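J.: take a look and give me a structure for this.
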Amino acid sequence: MKSVFSYVLLILIILISGCSGSNQDRVLSMNYDFAEPFRFPFEVNEVRTKIELDNPYILQQYIFHYKNKQTTQEIRLILSKVINDPEKVSEQGKQPYTLKNGKQAYYDEDEASQSIWWESKDGFLARFVYYINGNLDLLGDYKLDDSDLVDLANQVQ
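T.: The predicted structure is shown next:
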């Protein structure tokens with residue numbers, strides 16, 4: 001009986017010590033207040049929000065979708081934060097703009113999408129990405145003026 005008790009005690013000690021190495025002693029804040037745009041360059045009739053926290057101790061991502069179901073135009077506001085290693089905007093090949101609050105933003109485009117990127121508060125990398133038909137079609141006549149994306153970025157600062 002004494003050996004069974006010792007064996008059970010040993011297993012419990014191993015299980016307890018194996019669980020103590022988790023992230024329980026790290027405090028993780030996920031309480032953020034994000035501003036959303038109120039004026040869009042096209043009519044918005046569908047709005048969705050998505051929070052991606054596959055591993056919140058490594059990456060937190062908040063995605064706001066603004067879409068016109070008829071024209072398939074869509075803008076996403078994406079805020080991502082790599083914990084303990086803040087992301088920086090890649091400036092290469094992007095047009096710089098200064099936002100109303102003095103922050104630097106960078107505009108980029110190709111035939112299928114347009115985007116503007118900036119480093120936001122609380123260590124987030126922020127960007128608006130505009131495209132049509134789920135980013136499957138070229139923008140063509142639906143291309144926005146770059147000032148439309150700058151205006152969106154100014155609204156959320």
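J.: how about the helices in the protein?
T.: With DSSP state H, the ranges of helices along the chain come out as 2-19, 146-155.
J.: okay, strands next: where are they in this structure?
T.: Listed in chain order, the strands of the chain (DSSP state E) span 46-52, 59-67, 73-82, 95-98, 104-109, 113-119, 125-132.
J.: same list (those) but as JSON lines, adding mean neighbour count.
T.: Yep, even glycine has a C-beta here, placed from its N, CA and C like the rest. Compiled in JSON lines, these are given as follows (neighbours: other Cβ atoms under 10 Å):
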{"stretch": "strand 46-52", "mean neighbour count": "11"}
{"stretch": "strand 59-67", "mean neighbour count": "18"}
{"stretch": "strand 73-82", "mean neighbour count": "20"}
{"stretch": "strand 95-98", "mean neighbour count": "13"}
{"stretch": "strand 104-109", "mean neighbour count": "18"}
{"stretch": "strand 113-119", "mean neighbour count": "20"}
{"stretch": "strand 125-132", "mean neighbour count": "22"}
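J.: could you point out where this protein is predicted with low confidence?
T.: Applying pLDDT under 70 to the chain flags the ranges 1-31, 86.
J.: report the central residue of it.
T.: In the chain, the C-alpha nearest the mean C-alpha coordinate belongs to residue 79, at 2.7 Å (Cα atoms, centre = their mean).
J.: bridging residues for it?
T.: Following DSSP bridges, residue 79 is listed with bridge partners residue 62, residue 126.
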